[in-house]
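with the input below, show me the fold.
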Amino acid sequence: MSEEVQTGLIRISDDVVATIAGLAALETPGIAAMSGGISEGLAKRLSGKNVQKGVSVEVGQVEAAIDLRVIVNYGSKIQEVCRDLQENVRDAVENMTGLTVVEVNVKVEGVAFREEETTAIVEDPHRVK
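Predicted structure coming up:
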């Protein structure tokens with residue numbers, strides 16, 4: 001985003017928008033994590049640039065488009081979680097930056113299973129060993 005005001009120019013970098021979107025995504029119930037993917041890890045190693053995991057943005061003068069790659073919690077209703085995710089990310093980016101978010105695309109790349117609680121086995125003191 002780039003805005004001309006009386007005192008100068010205001011610019012919001014793609015990385016800032018990606019960070020806001022990523023944090024809003026992780027705060028959404030049902031989202032277990034962001035998915036980085038292989039190509040993103042390679043791009044980070046080659047460029048040395050800190051790429052926001054699972055988030056890519058395209059920021060114009062007054063608008064932004066956001067793509068998210070996520071992992072949802074097992075048992076969640078994926079459609080509902082993704083709708084909530086789109087709304088949360090749109091609200092966060094618009095409120096913090098003043099940009100108009102034209103689209104929030106979500107790609108579900110995995111399902112996270114909860115780790116089963118392990119119960120300790122209590123040994124019977126009367127049992128022969």
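
my read is residue 29 is in a helix, agree?
No. Counting by DSSP: H, G, I helix; E, B strand; the rest coil, residue 29 is not found in a helix; it is coil.

biggest strand in the chain, by residue count?
Determined from DSSP state E, the single longest strand within the chain is strand 100-112.

and it, how far out from the chain middle?
Distance, stretch centre to chain centre, for strand 100-112: 8 Å (CA atoms, centre = their mean, to the nearest Å).

what sits up against it?
Strand 100-112 has contacts (CB atoms under 8 Å, 6 or more residues apart in numbering) with 21, 32-33, 35, 37, 62-74, 78, 82, 85-86, 89-90, 93-94. From N, CA and C alone the C-beta is placed, and that goes for glycine too.

what's the longest helix seen in the chain packed up against?
For the chain, the longest helix by residue count, based on DSSP state H, is helix 78-97. Identification of packing neighbours for helix 78-97 by 3 or more CB pairs under 8 Å, 6 or more residues apart in numbering; DSSP states H and E yields helix 14-26, strand 63-73, strand 100-112.

the same query, at a cut-off of 6 Å, please.
Contacts defined by 3 or more CB pairs under 6 Å, 6 or more residues apart in numbering; DSSP states H and E place helix 78-97 against helix 14-26, strand 100-112.

confidence-wise, which helix or strand of the chain is lowest on average?
When each helix and strand of the chain is scored by mean pLDDT, DSSP states H and E, helix 38-47 comes last, with a mean of 47.

next helix or strand past that one?
Note on helix 38-47: by DSSP states H and E, the next helix or strand toward the C-terminus is strand 55-59.

each with direction, which strands does that following strand pair with?
If you go by DSSP bridges, strand 55-59 pairs up with strand 63-73 (antiparallel).
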